[in-house]
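A.B. asks: Take this sequence and fold it.
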Amino acid sequence: MKIQIVGPDSVSQKRLVQNVLDALHELQLECQLDVVHTMKDVLEFEGKLLVVTPALIVDNHILCEGHIWDKEHIKHFLLQACPSR
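C.D. replies: Numbering: from 1, shown residues only. A predicted model of the protein is given here:
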């Protein structure tokens, strides 16, 4: 599973990163986690996919953009995405 968090370095983006890390830790899941925060890279995503940041993308599927999912919501989705867990 590949998780991407896209958005400029901000309080919201950092909170989303922490929520994802906490969810992965509690579920004992390992996956590829990329945090895209340089303005050039963020603008590339916005030009192709996104309207607002921060955004949470799992396996190229945009889960949320412009708001922060809490840890429990992220855990619920990850459990759905990994039925073998």
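A.B. asks: going forward, measure contacts between C-alpha atoms and count neighbours the same way
C.D. replies: OK.
A.B. asks: Tell me if Phe45 really is in a strand.
C.D. replies: No: secondary structure of Phe45 (DSSP: H, G, I helix; E, B strand; the rest coil): helix, not part of a strand.
A.B. asks: what separates the closest residue to Arg15 other than its chain neighbours from Lys40, distance-wise?
C.D. replies: Nearest non-adjacent residue to Arg15, counting by CA to CA, 6 or more residues apart in numbering: Ile68, 7.5 Å away. To Lys40, Ile68 is 22 Å away according to CA to CA, to the nearest Å.
A.B. asks: So for these two, which sits in the more crowded spot?
C.D. replies: Higher neighbour count among Ile68 and Lys40: Ile68, with 20 against 11, using other CA atoms under 10 Å.
A.B. asks: Just to be sure, that one is in a strand?
C.D. replies: No: secondary structure of Ile68 (three-state DSSP): coil, not part of a strand.
A.B. asks: Next, give phi and psi for the closest residue to Phe45 other than its chain neighbours.
C.D. replies: Nearest non-adjacent residue to Phe45, counting by CA to CA, 6+ apart: Val6, 7.7 Å away. Main-chain torsions, Val6, degrees, to the nearest 10: phi -120, psi 130.
A.B. asks: so what's Val6 scoring on pLDDT?
C.D. replies: At Val6, the pLDDT value in this model is 90.
A.B. asks: Name the helix or strand for Asp22, please.
C.D. replies: Secondary structure from DSSP states H and E places Asp22 in helix 11-27.
A.B. asks: before we move on, back to that, bridging across strands, which residues link to the residue nearest to Phe45?
C.D. replies: Counting by DSSP bridges, Val6 is bridged to Val36, Ala55.
A.B. asks: Now the lowest-mean-pLDDT helix or strand in the chain - C-alpha only, PDB.
C.D. replies: Ranking every helix and strand in the chain by mean pLDDT, DSSP states H and E puts helix 39-48 at the bottom, with a mean of 74. Provided in PDB are the C-alpha atoms of helix 39-48 (Å, rounded to 0.1, in the frame of the first residue of the first chain):
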ATOM      1  CA  MET A  39       5.800  23.800  -3.400                       C
ATOM      2  CA  LYS A  40       6.900  22.500  -6.800                       C
ATOM      3  CA  ASP A  41       5.700  19.000  -6.100                       C
ATOM      4  CA  VAL A  42       2.500  20.200  -4.400                       C
ATOM      5  CA  LEU A  43       1.700  22.300  -7.500                       C
ATOM      6  CA  GLU A  44       2.300  19.300  -9.700                       C
ATOM      7  CA  PHE A  45      -0.300  17.300  -7.700                       C
ATOM      8  CA  GLU A  46      -2.700  20.200  -7.700                       C
ATOM      9  CA  GLY A  47      -2.500  20.500 -11.500                       C
ATOM     10  CA  LYS A  48      -3.300  16.800 -12.000                       C
END
